Structure formats: C-alpha cells, structure tokens
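# Predicted model follows, preceded by the sequence.
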Amino acid sequence: MNQTVSKEILTTDGIPLKVSLKKSERRNKIRALLLVAPLLLFILFTFIIPIGDMLTRSVDDSYINTVFPKTFEAYKKWDKQGTPPEEVYKEMFLEVKNGTGYQIGKASTRMNYAKSGWKSLLKKSKRKFKKIGEDEGPFKEKMIEIDKKWANEDYWKAMGEMIDVNTMGYYLNAVDKRYDYDKNTISQPDNRKIYNKTWIKTFKVSVLVTLFCLLLGYPISYLLATLPLKYSNLLMICVLLPFWTSLLVRIVVWMVILQQNGVYNDLMVAAGLIADDNRWKLMYNQTGTIIVMTQILLPFMVLPLYSVMKTISPNYMRAALNLGASPLHAFWKVYMPNSIPGISAGGMLVFVIAIGYFITPELVGGKDGQMIGNWIGYHLKTTLNWGLSAALGGILLAIMTVLYWVYNKLVGIENIKLG
Amino acid sequence: MIKAIKATFLGLLSLALVTTAYADLTFVSWGGAYTASQQKGYINDWNGKVTVENYNGGLGEIKAQVEAGNVTWDVVDILPDQGITGCDEGLFEKIDNSAWKDDLVVPAVSDCVAPQIFWAYTAFYKKSAFPGKKPKTIKDFFNVKKFPGKRGIHTWANATIEMALVADGVKAKDVYKVMSTPEGIDRAFKKLDEIKDHVVFWSAGSKPLELVSSGEVVMSLAYNGRIGAAILQDGKDFEYIWDATVLEQEYLAIPKGSKNVAEAQKFVQHAASAKSLAGIAKYISYGPMRKSSIGIIKKGEPWFNTGVDILPHMPTSPKVLKRAIVADPYWWADNGAEVSERFGAWKGN
C-alpha cells in the first residue's frame, strides 16, 4: 500500500533510488579519476610544470635586480652620456663590496651575457674592493684605477638591458636583436648574427626531411598495405629493423658510406661516374644532415601511412577504374584523398621530431648543418645562459602551436589517424 | 609553494639527466681512454666503492642538481672555465689545497678544484700522407697551398682562434693580448677564412683519428692523449706537429651538497696526490699538473704501461712547452659565449 502512495522510489534497503544512484555515480567518478590520477600527475610534473618553469626563465631577470637594486636605481637617473656620475659608481662599489661572493659570481655570469668582460671585471673588483673602506669616496677614480674597464661606457650601457625584473631580452637575443641602454630594440652586430639564419635552416631542413620521408615512405607504405601477407611481412621487417637499431650505429654507418673517402664516393669513382678530385661532399654539412635524418625518421612516416592505407578498401580503386578513370586519375581522385589522414599524421610526426633534432646535426652537421637544438644545448650546458635556451625553446613551442592551429584549420585535427 | 614545485621539477630534471645507482661515491668523467687511465691510475687502489659515470662536460647538469638540492654526483672532472664559473656561482664545495698549493706547474683556477692533468689541442698527420716535405709548424697547418688537402677541426672555437693567430705571425705569449682587442679576433677569423673551404669539423674525440686514418683529411687537430694512444697502443704511423699546441687544464671538483661530501673530500685528496697523477700517465700521455709527479715519472721511465718512455709524448715536455700556448680560462670565461656565436656564424656562412 505504502509504495503506491509514496512518489519516491526506494531501493531494497530503503534509501531513495535517486540518492543511491547519485552515490554510486560519484563513486564511479572518483574511481575513474583515481585511475587517471597517476597519468595526470605524471603529465603535470613532467610536462606542464617544466614547460611553465622554462617559459618563466625566458623572461626572468629578477636575480640581477636583487643583487644590484641600488645601483639600478641610481642608474635610472643617469642621462646615459659618457660615463655615469659618481653616484652610480658608489652604489656599484658598495653592492659589489658587500654582496656575497656567490651573489656577485652569479650576477656577473648574467652580466657577461650582455657584455663580454663583466665576469672578470667583477671578479677582480670584488677582490680589490676589500681593501677600500666604505667611506673612502669618491669611488669613480679608485675603481678606474683598479681596472680601466670601469671607464668604458660600453659596460655601463650594457647594464641598461637588465634593468627590469621581467625582460624580453632573451627573446630578442634569440632572433639576433638586443636592447640598447635605453631599452630600444636594436640589431646584434653582424658577426654575432647567428640565430635567424639557424631558424631558417632548421625550418628548411625539417620541411625537406618531411618531404623526402613522404616521397620515400608513400610507395613503401602502399606496397606494405597491398602486397600479399608473406611479402609485406618481410618488407615490414625491413622497415622496422633499422628502427630498432641504435641511433648512433646508424649515424656512424652513414658516415662511413657518405664521407668523401667513403664507400659511395669510392664506388662512383671506380665506376668512372665521378672524377677522383671532384668527390661529392655528402657528409659533415647540411646535405648529410638531411640524408641521415630522413633515414632515421622514415619509419615515423611509414607506420601511420601504412595503418591508414590498410583500411582503404581495394574496391574503391577497382570501382574507379571500372568507371573509366585512368590509373593515375583514379589514384589522384580516389586513393590519395583517402590516405590524407595518414599523410598528415606522418607529416606532423616527422616534422615535429625533426624541428627539435639535436644529436644527428651535432654529429654529421659539420659546418652548416647545425640546427636550433644544438644552440639550445650549447647554452644549456656550456654558457649556462638558461634564459636564452628557454627563449629559443619558447619560440620553438610557439611555432609548433601556430603550425598546429593552421593545420587544424586546413585539414582538421580529427583527420589525423595513427591507425 | 612555487619553490617546492620548482625544486621538484629540477629534481626530476636531474633525475632524467643522470641515472644513478646507489654507491659510496659517484665519480663523473669524460669516458674513453682518459677515464680508463683515472680508473687504473688511482681509483682502483682507493679504499671504497666508486661508481664511474660519463658526461659530456658543461655545468648544465651540475647546476640542475644543485638548484634542485638533489645532488647525485660526488666528484666531477671539469675544465678550468667550469672551475671558475662553478666556484663563483657556488656550485662547488671548497677543497683544501694545502697538499699541492706549492707543487703546481700553474696556479689553480679557484679554491674549488683539485689538480689532474694538462692536455693539449695538437695538430697531427699520418706520415704516409706526406711522402716528401712534412708539415712542421702551425703555419703549415694553415697553408693549404704548400700542403694541399683537408684539415680536421673541432666544432667549437677554443684553441682554433689561438692557433690561427700564431699561424698569422703572433707570438704564442702575446696571443691573449691580441685576442682581447676586436681587431685581434677579426684577424683570427681572417686567417681561418684561408682554410675554411678545406675544413672537416668533428665533435667527438675519436673522430679526428678516424678522419686522418681514412685519408678523409690530411691533417687534424685532436686531443694529444688520443694521438698518443693511437701511436703507443695501436701502432699508428701518426706524427705530432708540436707547434702552437694549446695547453688546457683539467681538474676535479665536488658539486655543492653532494651526499658524501666528507668521503668525496678524502677521495679528491687521494686523486690529486703526486702518485695518482703519475699513475694516470701510465695509461695516457697527459701531463700531470704537479711538479713532483713529473719527478716520479722521470725516475720511473720507461713509465708507460707498454714499456716506452712517456715524457716525450706529453704536452708538458720542455721541448713542446717552449712553443705552446697556455690556454687562458679567464679569457674564455669572459668571451667564450660571444666568440662561440661568432665562430658558429663563420662556420655556417
């Protein structure tokens, strides 16, 4: 009786069904969240935070400002004509004298990026300033006596670019520009212009590698997808074996084959196709980088292409041919459009890997095959200019994001298929 | 909070950069014949467990570890400009130098380093490549008309700038004075232009030997110890060009916050003892930084493990030293980044 009167539906243990359902739903949600939690945390700690930290470093100039706050304050009042007034010298003197060795050391590394020579100047001054009392001003002449560089306005002017806690200076450096003493953007001197050229080169190499991978990979994938199983399996092993071979081994093998006294040139000379004194330069330059990278990245093109082609029914082509299309026309109008998801997936994959490539250009790049990744590594390891490294990396990230966006507009990201 | 996140991230970064197994001491060096010489020269008779790892130089990994407060390296083999910058920035522990202070060939670059060896960028060639006249000076190395053929040069700027200037007529002892002027650097690059179209660049230490051996280049710059090993151990017919060799120093340092500081301090005292430095020379032709080690070797000749005299193969032998350039790490700490960028631009153009 009761049941028909009450509008609430109860479960067997007397709890309203709605509440019970909600409860179990929530439990499911928590369980699902717990299941993905390790992955989320993993991505947070190994991807999002590091990238965030890197991007912060690319605009961060706060350290230098904590070491020389008063100097910078006095510096701002200077009219930037000739050498600064005594006031600036005095603050610099006091802050170098009273700073800890590590503070001055770290700051001098930063200042050396702005103008080479700051490092030894501060090191020497720190040592000598000890002997001068804080009340023994004026300091300008005393400092110049210790090192003539203190009278060189170039050093002072270079300080101007570090005056703000947040700076775009590293990004400017990453495209061959810099701040002058008034924070106007100017060009780097000609013989230091290196990054724009490297950017263009990085792009050129990545695009060419992607194209060559497509040209070589497309027919292979087609064969893989259409040959009878026993042949295609063998072919698949041929694609995968190099993929499983150590990267370094493959690079060294290419060196042996392609260098001027290498196997390829020897054979061509023996066959009389190349003159002995005109052997081809295929290694330790950009050509070498492109050849080796194409071979290394080829599987990243073949595998997605193959998995997409595998799903294209042979009946489509048969139908097209049956309706009177020439084989070429049928391929172009029927087969190719169907394989576009694979082309895009492979293309994106190869391009993304290529643009940040490091080890191959390092080993076979020689004089003109170095890419932007090599400079990132150089500043990360050798100069400790992590700001510049981060800025170069940040630009790389921005380029990738823009490309992704353009790609999404043109092809649609849902059209990417890995299988 | 942000600090904690940063620390965690840097910890992960350093974890990614170095994978370490637990051991009493982690000793990090450059690998190859050099690390082997350290292993046999003094690590083996150290009274404790030492794990040896390799790295490619630079302060990047050390900085990441120190900033994260998770230092897994205990002793690192470093170049002098790293010794300067690392000590200035507080990346290294101070080391007691009383044992060797007055025994060094040149003063140590900072208070954070223990001496190891001198090595040198040295030009060399295969004897059979020059049946007639043989190259004898760095001028010959830069003269592609007199000695046609390709030259092997490392991909970074150190030493090449110095050698170019000497080849252009600058005296070895004036090199850094000239390099400290903008015109001096221009002059070096102008000299480098003369061989630019004939250069093959290398970056791994074993590469120049291979390049010269295969005939890919007729002469190359290389680390003298590698040339020495090829001659002494593999019996190659290589010949040094002992002219304008650029002498570089090599030190040990302890990253700040190493988990085994006390042990590491004891270890570097052992590693920098006169006996240990002489021990290295039993297995590689690098020159010890302590005068007393040279004395030990002199008395013990033939000192090298294959039973030949090692002193003539050292970059610190008096005959070589007379015509050598002692690399100035302070100059490179100041100007390294700028000159490297310019060198990169020069290479690519």
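Received, thanks. Numbering: from 1, shown residues only, chains lettered A, B, ... in the order given.
# hang on, A:Leu240 in a helix?
Yes - using DSSP: H, G, I helix; E, B strand; the rest coil, the assignment for A:Leu240 is a helix.
# show me what contacts it?
A:Pro299 (CB atoms under 8 Å, 6 or more residues apart in numbering or on different chains). Any C-beta I mention is one placed from the backbone N, CA and C, and that applies to glycine too.
# And it, what's its pLDDT?
Per-residue pLDDT puts A:Leu240 at 88.
# With A:Thr401 instead?
90.
# cool, B:Ala21 as well?
40.
# Quick check: buried residues in stretch B:197-212?
Applying a neighbour-count criterion of 16 or more other CB atoms under 10 Å in any protein chain shown, one finds B:198-202, B:205, B:207-212 buried in stretch B:197-212.
# hmm, I was thinking of stretch A:209-220
Buried residues in stretch A:209-220, counted by 16+ other CB under 10 Å: A:209-210, A:212-214, A:217-218, A:220.
# And for stretch A:75-91?
A:75, A:78, A:83-84, A:87-91.
# In helices only, show me those residues.
Judged by DSSP state H, the buried residues of stretch A:75-91 include A:75, A:87-91 as members of helices.
# Tell me how many other residues crowd the closest residue to B:Asp237 other than its chain neighbours.
The spatial neighbour of B:Asp237 that comes closest, neighbours along the chain excluded (CB to CB, 6 or more residues apart in numbering or on different chains), is B:Lys127 at 4.5 Å. The number of residues packed near B:Lys127 is 11, by other CB atoms under 10 Å in any protein chain shown.
# again, but for B:Asp334
The number of residues near B:Asp334, taken as other CB under 10 Å, comes to 24.
# What distance do you get for it to B:Lys266?
Between B:Asp334 and B:Lys266 the computed distance is 34 Å (CB to CB, to the nearest Å).
# ok, the residue nearest to B:Asp237 touching B:Ile241?
No - when contacts are counted by CB atoms under 8 Å, B:Lys127 is not listed as touching B:Ile241 (11.9 Å).
# lowest average confidence, helix or strand, in chain A?
Within chain A, no helix or strand scores below helix A:2-5, which has a mean of 51 by mean pLDDT, DSSP states H and E.
# picking that back up, so which of the buried residues of stretch A:75-91 is the closest to A:Thr287?
When the buried residues of stretch A:75-91 are compared for distance to A:Thr287 (CB to CB), A:Tyr75 wins out at 49.8 Å.
# can I assume the closest one is in contact with A:Glu161?
No - A:Tyr75 is beyond contact range of A:Glu161, at 11.5 Å (criterion: CB under 8 Å).
# for the residue nearest to B:Asp237, what are its contacts?
B:134, B:237-239.
# so which helix or strand takes in the residue of the stretch 101-250 of chain A found nearest chain B?
Nearest residue of the stretch 101-250 of chain A to chain B (CB to the nearest CB) works out as A:Gly105 at 2.9 Å. Assigned by DSSP states H and E, A:Gly105 falls within helix A:101-114.
# What is that helix packed up against?
Packing partners of helix A:101-114 (3 or more CB pairs under 8 Å, 6 or more residues apart in numbering or on different chains; DSSP states H and E): helix A:62-67, helix A:118-129, helix A:153-159, helix B:80-88, helix B:329-348.
# Show me which positions of the shortest one end up buried.
What it means is helix A:62-67. Residues of helix A:62-67 classed as buried by neighbour count (16+ other CB under 10 Å): A:64-65, A:67.
# who's in contact with that helix?
For helix A:62-67, contacts defined as CB under 8 Å, 6+ apart pick out A:72, A:95, A:99, A:103-104, A:106-107, A:110-111, A:162-166.
# Show the low-confidence segments of chain A, by residue range.
Across chain A, residues meeting the criterion (pLDDT under 70) sit at A:1-7, A:415-419.
# And the contacts of B:Lys127, which is closest to B:Lys190?
Among the contacts of B:Lys127, and counting by CB to CB, the member closest to B:Lys190 is B:Lys134, at 26.6 Å.
# Do I have it right that that closest one meets B:Asp237?
No - counting by CB under 8 Å, B:Lys134 sits too far from B:Asp237 to count as a contact (11.9 Å).
# would CSV of the ones in helices among the buried residues of stretch A:75-91 with distance to A:Gln286 be doable?
Shown next, in CSV, are those (distance: CB to CB, whole Å):
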residue, distance to A:Gln286
A:Tyr75, 44
A:Glu87, 53
A:Val88, 48
A:Tyr89, 50
A:Lys90, 53
A:Glu91, 50
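# With adjacent residues omitted, what lies nearest to B:Ala129?
Excluding its sequence neighbours, the residue lying closest to B:Ala129 (CB to CB, 6+ apart) is B:Val218, at 4.9 Å.
# give me every residue that touches the one you found.
Contacts of B:Val218 (CB under 8 Å, 6+ apart): B:125-126, B:129-130, B:147-151, B:212.
# can you redo these as TSV with pLDDT?
Shown next, in TSV, are the contacts of B:Val218 (pLDDT from 0 to 100):
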residue	pLDDT
B:Tyr125	97
B:Lys126	95
B:Ala129	93
B:Phe130	93
B:Phe147	95
B:Pro148	94
B:Gly149	92
B:Lys150	93
B:Arg151	95
B:Val212	95
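# Show me which of these is closest to A:Tyr170.
For the contacts of B:Val218, the nearest to A:Tyr170 is B:Arg151 (35.6 Å; CB to CB).
# Now the strand or helix carrying B:Ser292: buried residues?
For B:Ser292, the host element (DSSP H and E) is helix B:291-300. By 16+ other CB under 10 Å, the buried positions in helix B:291-300 come out as B:293-294, B:296-297.
# just stretch B:109-119 next, same as before
B:109-110, B:112-119.
# what's the most distant pair in those residues?
Of all pairs in the buried residues of stretch B:109-119, the most separated under CB to CB is B:Cys112 and B:Trp119 at 20.1 Å.
# Can you name the residues that contact the closest residue to chain B within the stretch 301-419 of chain A?
Across the stretch 301-419 of chain A, the shortest distance to chain B (CB to the nearest CB) belongs to A:Lys381, at 3.1 Å. Residues near A:Lys381 by CB under 8 Å, 6+ apart: B:56-61.
# hey, what's the closest residue in space to B:Met219 that isn't next to it in sequence bridged with?
Counting by CB to CB, 6+ apart, B:Tyr125 is the residue found nearest to B:Met219 once chain neighbours are left out, at 4.4 Å. B:Tyr125 forms beta bridges with B:Met219, B:Glu239, as assigned by DSSP bridges.
# I figured B:Tyr125 hits B:Ile241, correct?
Yes - using CB under 8 Å, B:Tyr125 is in contact with B:Ile241, at 7.0 Å.
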